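A.B. asks: okay, here's the prediction I keep looking at, along with the sequence it came from:
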Protein chains: 4
Amino acid sequence: MTIRVGIIGQGYVASTLALGLARIKEGEIGLNGIPFQNFIKSYRVEDVEIVSSIDVDANKIGLSLLDVVRMYFPSLSKKYESLERVRVSPGIHLGSTRNLPIKAVGIESEVGLENAIYEIVNEWDKSGVDVLVNLITTEYSEPLESFHHLHKLIRSNEYEGLPATYAYVYAAAVYAETVKPVAFINAIPATVARSRSIVRAFEERNSIVLGDDGASGATPLTSDILEYLAERNRVPRGVVQFNIGGNLDFLALLDETRNKAKEKTKSSVVSDVLGFEVPTFIKPTGYVEYLGDKKFVSMHIETIGFNESIDEIVVNARINDSPALAGLLVDLVRLAKIALNAGYRGTLYEINSFYMKSPGPEGSKSISRIVAYQILVDWLLRMGELTRLPRYSVHNFIPELKKIYDL
Amino acid sequence: MTIRVGIIGQGYVASTLALGLARIKEGEIGLNGIPFQNFIKSYRVEDVEIVSSIDVDANKIGLSLLDVVRMYFPSLSKKYESLERVRVSPGIHLGSTRNLPIKAVGIESEVGLENAIYEIVNEWDKSGVDVLVNLITTEYSEPLESFHHLHKLIRSNEYEGLPATYAYVYAAAVYAETVKPVAFINAIPATVARSRSIVRAFEERNSIVLGDDGASGATPLTSDILEYLAERNRVPRGVVQFNIGGNLDFLALLDETRNKAKEKTKSSVVSDVLGFEVPTFIKPTGYVEYLGDKKFVSMHIETIGFNESIDEIVVNARINDSPALAGLLVDLVRLAKIALNAGYRGTLYEINSFYMKSPGPEGSKSISRIVAYQILVDWLLRMGELTRLPRYSVHNFIPELKKIYDL
Amino acid sequence: MTIRVGIIGQGYVASTLALGLARIKEGEIGLNGIPFQNFIKSYRVEDVEIVSSIDVDANKIGLSLLDVVRMYFPSLSKKYESLERVRVSPGIHLGSTRNLPIKAVGIESEVGLENAIYEIVNEWDKSGVDVLVNLITTEYSEPLESFHHLHKLIRSNEYEGLPATYAYVYAAAVYAETVKPVAFINAIPATVARSRSIVRAFEERNSIVLGDDGASGATPLTSDILEYLAERNRVPRGVVQFNIGGNLDFLALLDETRNKAKEKTKSSVVSDVLGFEVPTFIKPTGYVEYLGDKKFVSMHIETIGFNESIDEIVVNARINDSPALAGLLVDLVRLAKIALNAGYRGTLYEINSFYMKSPGPEGSKSISRIVAYQILVDWLLRMGELTRLPRYSVHNFIPELKKIYDL
Amino acid sequence: MTIRVGIIGQGYVASTLALGLARIKEGEIGLNGIPFQNFIKSYRVEDVEIVSSIDVDANKIGLSLLDVVRMYFPSLSKKYESLERVRVSPGIHLGSTRNLPIKAVGIESEVGLENAIYEIVNEWDKSGVDVLVNLITTEYSEPLESFHHLHKLIRSNEYEGLPATYAYVYAAAVYAETVKPVAFINAIPATVARSRSIVRAFEERNSIVLGDDGASGATPLTSDILEYLAERNRVPRGVVQFNIGGNLDFLALLDETRNKAKEKTKSSVVSDVLGFEVPTFIKPTGYVEYLGDKKFVSMHIETIGFNESIDEIVVNARINDSPALAGLLVDLVRLAKIALNAGYRGTLYEINSFYMKSPGPEGSKSISRIVAYQILVDWLLRMGELTRLPRYSVHNFIPELKKIYDL
């Protein structure tokens, strides 16, 4: 059974996702970077298919996915038929790429926002999308006041300052109402799955929203190292984490509003995991071109241990941003569809807490990933979806769980 | 209720443990570095009391603990009465400090091994020890063939090549038979809790043995970083981990046999956690004096992720070896006593898997610490011993567990 | 022969300098961190004496140096008589500590700027200072238009926006005119030795000015690593350098104007040393309290070598900011006095290029420190001031130099 | 004017050298990694031509250089005519690859050593080599007692334990006697340029020998960082340097004798640069396949600075071993020929000190590279060979040198 995926924002991540899936289907590469590989009963990795793609970059609109993929992987010589079939449609801009060196166009500037939304819904309808993935340039948003308010803004064409993400959220809701229930995965920092009114709107439309902000980078590692320390009661005196990269996402973060949004997500992880405040300096720090998509991360933690001993941990990493997120998306798309099939509505903390930096619903804590992983495994077990228990699961060891799940 | 602890090997770790406990009891410092702090119902940290101490260093025998502590902490000016009460008794040597710059003496050289053992048992009897902690200089041993064989060796005074640890294990068994059941915690790499015959001997004497090799250093961190990678299916191409320090333990590892023993423990963690083999270079690498007890660790991991992307993680740490282990021992002593009280016999994987590098019983895998931690929490919950659930426990999140434990 | 030093800004650096000198004079510590130790003929380290100190912190004014030193070294128990003799006098504020948690007062707010300057000159006169060291909170300044203009501003009491450093520079000039020639060492980023009009003003008063911005931190190391690469023609694709600390200097850099000033100094070093532009991200990045005076530095350099091979160098350092600069000041004070004695006027690139981040005079390049060091050694040889040739000097190896200096 | 180069040991370094030169000549890549680029008057990089190659690997003998290069660069598709012209001739083995997974053959096993040497000389004669480069697998050797003794050993066919390098040195001497003067560059740790008798033998034959052990890796960087510290009188408490790689060189170092040889070279650099002993742990530490030719280096230095402050520097690097050395060889070949043309005989410290880990002649110190570089620049200036002064040269700044060289 194929899962029909609609991409919103055909950038580096979406292009890596498209290429990786194509290569996997051709048997060229394995399933590295996809957490649950092919251990999920209902859907194999090969069942994920990109059937629609939207972007606002004038240089991409109208091209095939293969052509866009080649912008990011210029040495790619092979043709992938599955990537030639899909063409990039125009999207809604609303200033989402402001200050970036992109020649951007939005349908709304020609036909107004409401009509633009109907064009988008139409595009999704034609390709019959099951799951939407929001991958537009990092943008920040305050939680949405009410869905009704959003509705009014759009009807009245008064969309000054409206985040593009909210226009897509609205389009997804219209799609859910008029076509069929849908799952919307918000992989960027905009407040979506943490917005009570948006979650309720999806609930009412028998749909699902997951988010916010895919946990692909250094923050999950920080969270797990903090967990490691917390379990030993080695108390951090402070945490410093630098991130610098050379892709469009880091360039976008030079914009102060975007940067602040990201900083908030990242710093809260420390107090969330530890349960108390420690001095931190955790920021997406800068942009320098030569690093490309492979960001440089540097982390410093100083801890106080037994007998007041002071330890230090320094982590330096080079992490490919885009494939890290793309690999998670292959899971998210499948889990979203499974939840949809099983009759879930609104959002699922069980999924968000492992895959997202700022897990919805509103008010949720960012827990250590390693605990989040166990919660997710437990959910999958309950759903009867795991064909094989990961060796690193507590279910293999905790007697009551072994009994319940008959392991 | 006091737990009466007998130390075997009054070196850096034991002295840090003694000092830390004394300072905690005086209210000078907090409980940093002790994983379960004061969240264990039956025993508070303050209940742990060192009542006996054995060593083979001629410069220590006869001194008070306070005097020995000052060898390691020369700037210590304060007097701790509790440390003045206990004096270091002579121990069994059997060449355990060979090649080290220590003037060592063993009782066995004067009275033979069997009598030496009875003197030791006598010393423990006088102070009424509940728990023994083996902290002698790192030594390696093949699994013990049979306890009966050990008995014969000792009776016949044919102890050439016998690890000193086994003489103490034997003494503990005699103590258990003739005085009262005891818990023996083996914090060094000798094969004790992984030795079937030793575990059986303790079972038969209503006693407990925990081990082997306290997981205090870089290996647990490596294990958790591997877990982090495994959960995301980022596949390591290889793992390099260097350790270098300036304490006696690293000096001892210059001895090839000892080094090999340690290397084995450390490398197996990678395949144990991942479930497959990857090229590794993990060794206690060297000794250089200036680092003192604060070792330098450097780790390199290269991984293959989605779309064949190559990431790199480098960790550099400065870790105080002795307090890291001492903090764990404060837990181990209490958990051992709780298990003893509750009627457990032999060894407990639930405890060993979190605290030990090579967890017994024989054939056990070294799992990631973060999973081991959950197993331990579950055991403590079952024992009704947790006064407070750690926030980073799966029990807070997995519905079935919440139901069972009424959380 | 004593060199009488007047401190301007009795903060962490000046207090470390005072304490270090006192401890050296008492024979408690050696000469670590002082580049030319006691190899300078005219003045020994012990000849440097702090005779005057100025500050604007209301909590320091009136205290002895010893009391101020204790604010930074609270565990200091010993009394140093030499530190008790000097008391902190009030200084000129001009908003130099704006946005910092300091209760600051400036004489100028009571008596106007011109009178304030005369009070300062008077204070220096009383103690007979030979050398002044500017260590006030990091401030930035455009090059001074003309000394005459400065004169007019001060006479007319129109000093809104005037950097405090320029008021002290003016005071030094008045001192040079009315008392005796003086050397002014500018250890902060304000534009002083790079200001043509200031250098000329000192020339005309038979005085010397050295600066700007003591090269104490990570930038000299970066410069020498770049030199290492340049000598092998390994071409950097980019350079990233993060700095974060917990002292007042880093707190001050949260102020955008100050930060920009610093960033400029730091980034220019790359193109200055390499001779071409490469993408860089070099900033004093942030403040986090737990690091204290021991900042954390993280550097990433990627290079292209033979056959297009890509290498990577990552440097992580913990560097004590204040003693690093204090150690250089012990040299600078002596070299300044030597130059003054020898009849030099204005500024000396031979000295600035090794000790300063932004060496004057105006238009000078920041060369690699390791080359700057050789230039300085050569100058000292010409002055007949070296009692011993450093082993790492080219003069030991280049035949013509050996001949000239008869080595 | 072409320089005709004979390679001894067609491994990774020699193959990188061959490929890099071919690509440079085709204009595909620049001169990165070659210190003096095209700033040497007599010879351009393009003048270096490999005309002969010797190896003992049965899988390489008879192949063209292009075929061997492809073993190391399997994705290389382009044909380079210059690499097709030269074929690998059989060499002298003498056990030089013992313990390595190589099917090795030596001519000497068929015809005896003396005849083998004459065959080699014959091969060089045919191709008219000017410069020989020794790149055989790392081997160690005691300094050669006397050249006469070597002569006798070879004549009598009693070559048990004779290092293969010495057989080639002897062949080079025969070549120099019977064909024409030659330069022999020893890029491996065997004692050649530091062997008094070998240097004399080359002197007597109007020939040149450079060596020993190309300074391509982490040791020069260590040396320059130590220099940086020394110039600031920050005194190292100790130095740790780990190296681990996955090429044949690291595999060979698993052999204890080879490892010890390397360790000696590396550790002496610390005391040589600093002028006093500090505790060090500097070793080629291990082999792990996944790192390939790009070794991982980790370095730790702790220093004592002003006022007894303790700083720490940690360096982590990934360095491509083979191109690092290959780039230096492009210079060495040219400088050796220039020296030969200019009538130099024996060895030249001016060249060795920059390019070699253990610079000859016997008794020479390993100075910091950055000083060595200046000595080399001075020699090139004296030879009139520099077309352009490096910007980072002291000659640009020291007045006497500017005068002498009219800069």
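C.D. replies: Happy to help now that I have it. Residues are numbered from 1 along each chain as shown, chains lettered A, B, ... in the order given.

A.B. asks: show me the contact partners of the helix or strand containing A:Tyr373.
C.D. replies: According to DSSP states H and E, A:Tyr373 maps onto helix A:369-382. Identification of contacts with helix A:369-382 by C-beta atoms under 8 Å, 6 or more residues apart in numbering or on different chains yields A:36, A:40, A:215, A:220, A:223-224, A:227, A:348-351, A:353-354, A:359, A:386, A:389-390, A:393-395, A:401, A:405, B:224, B:227-228, B:231, B:370-371, B:374, B:392-394, B:397-400. (C-beta placed from N, C-alpha, C; glycine too.)

A.B. asks: chain center to that helix, what's the gap?
C.D. replies: How far helix A:369-382 lies from its chain's middle: 18 Å, per C-alpha atoms, centre = their mean, to the nearest Å.

A.B. asks: by how many degrees do that helix and helix B:369-382 diverge?
C.D. replies: 70 degrees (axes from the mean of the first three to the mean of the last three C-alpha atoms, to 10 degrees).

A.B. asks: what average pLDDT does helix A:369-382 get?
C.D. replies: Across helix A:369-382, pLDDT averages out at 94.

A.B. asks: same question, stretch A:216-227
C.D. replies: Mean predicted confidence for stretch A:216-227 is 88.

A.B. asks: got it, and stretch A:236-247?
C.D. replies: Stretch A:236-247 comes out at a mean pLDDT of 93.

A.B. asks: can you point out the buried residues in it?
C.D. replies: Residues A:Pro236, A:Arg237, A:Gly238, A:Val239, A:Val240, A:Gln241, A:Phe242, A:Asn243, A:Ile244, A:Gly245, A:Gly246, A:Asn247 are the ones in stretch A:236-247 that count as buried (16 or more other C-beta atoms under 10 Å in any protein chain shown).

A.B. asks: report whether the lengthiest helix in chain A contacts chain B.
C.D. replies: Using DSSP state H to define each element, chain A has its longest helix at helix A:321-341. Yes - remark: helix A:321-341 sits within contact range of chain B at A:Pro323, A:Ala324, A:Ala326, A:Gly327, A:Leu328, A:Val330, by C-beta under 8 Å from any C-beta of the partner chain.

A.B. asks: can you redo those residues as TSV with neighbour count and pLDDT?
C.D. replies: Output for the residues of helix A:321-341 next to chain B, formatted as TSV (neighbours: other C-beta atoms under 10 Å in any protein chain shown; pLDDT from 0 to 100):
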residue	neighbour count	pLDDT
A:Pro323	29	97
A:Ala324	26	97
A:Ala326	30	98
A:Gly327	28	98
A:Leu328	26	98
A:Val330	23	98
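
A.B. asks: follow-up on the earlier one: and the helix holding A:Tyr373, C-alpha only, in CSV?
C.D. replies: Below are the C-alpha coordinates for helix A:369-382, written out as CSV (Å, rounded to 0.1, in the frame of the first residue of the first chain):
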residue,chain,number,x,y,z
ARG,A,369,15.1,11.2,23.3
ILE,A,370,16.1,7.9,24.8
VAL,A,371,13.1,7.9,27.0
ALA,A,372,10.9,9.2,24.2
TYR,A,373,12.1,6.3,22.1
GLN,A,374,10.8,3.8,24.6
ILE,A,375,7.4,5.5,24.7
LEU,A,376,7.3,5.3,20.9
VAL,A,377,8.3,1.6,20.9
ASP,A,378,5.5,1.0,23.4
TRP,A,379,3.0,2.7,21.2
LEU,A,380,4.1,0.7,18.2
LEU,A,381,3.8,-2.5,20.2
ARG,A,382,0.3,-1.5,21.3
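
A.B. asks: which is the next helix or strand following it?
C.D. replies: Next element after helix A:369-382 (DSSP H and E): helix A:399-405.

A.B. asks: give the buried residues for that next one.
C.D. replies: Those would be A:Glu400, A:Leu401, A:Ile404, A:Tyr405, for helix A:399-405 by 16+ other C-beta under 10 Å.

A.B. asks: likewise stretch A:98-107?
C.D. replies: In stretch A:98-107, counting by 16+ other C-beta under 10 Å, buried: A:Ile102, A:Ala104, A:Val105, A:Gly106, A:Ile107.

A.B. asks: for that stretch, C-alpha coordinates in CSV please.
C.D. replies: Output in CSV follows, covering the C-alpha atoms of stretch A:98-107 (Å, rounded to 0.1, in the frame of the first residue of the first chain):
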residue,chain,number,x,y,z
ARG,A,98,12.5,37.4,3.1
ASN,A,99,16.1,38.5,3.3
LEU,A,100,17.2,35.3,1.5
PRO,A,101,18.9,35.3,-1.9
ILE,A,102,15.9,33.6,-3.6
LYS,A,103,13.8,34.9,-6.4
ALA,A,104,10.5,33.9,-4.8
VAL,A,105,6.9,34.1,-6.2
GLY,A,106,3.6,33.3,-4.4
ILE,A,107,0.3,32.5,-6.1
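
A.B. asks: count of neighbours near the nearest residue to A:Arg85 once chain neighbours are set aside?
C.D. replies: Distances taken as C-beta to C-beta, 6 or more residues apart in numbering or on different chains put A:Ser64 closest to A:Arg85, at 7.5 Å, once the chain neighbours are dropped. A count of nearby residues for A:Ser64, using other C-beta atoms under 10 Å in any protein chain shown, gives 16.

A.B. asks: and the pLDDT at A:Ser64?
C.D. replies: Reading off the model, A:Ser64 has pLDDT 98.

A.B. asks: next: the one 4 residues further on.
C.D. replies: Per-residue confidence for A:Val68 comes out at a pLDDT of 98.

A.B. asks: check which helix or strand it maps to.
C.D. replies: With DSSP H and E as the test, A:Val68 turns up in helix A:65-72.

A.B. asks: give the buried residues for that helix.
C.D. replies: Buried residues in helix A:65-72 (16+ other C-beta under 10 Å): A:Leu65, A:Leu66, A:Val68, A:Val69, A:Arg70, A:Met71, A:Tyr72.

A.B. asks: okay, and which of the buried residues of stretch A:98-107 map to strands?
C.D. replies: Among the buried residues of stretch A:98-107, no member falls in strands (DSSP state E).

A.B. asks: could the residues you listed go into a markdown table alongside distance to chain C and pLDDT?
C.D. replies: Output for the buried residues of stretch A:98-107, formatted as a markdown table (distance: C-beta to the nearest C-beta, whole Å; pLDDT from 0 to 100):
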| residue | distance to chain C | pLDDT |
| --- | --- | --- |
| A:Ile102 | 20 | 88 |
| A:Ala104 | 25 | 92 |
| A:Val105 | 30 | 92 |
| A:Gly106 | 31 | 93 |
| A:Ile107 | 36 | 94 |
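
A.B. asks: residue numbers of the stretch 101-250 of chain A in contact with chain C?
C.D. replies: Near chain C, when you scan the stretch 101-250 of chain A using C-beta under 8 Å from any C-beta, you find A:Arg237, A:Gly238, A:Val240, A:Phe242, A:Ile244.
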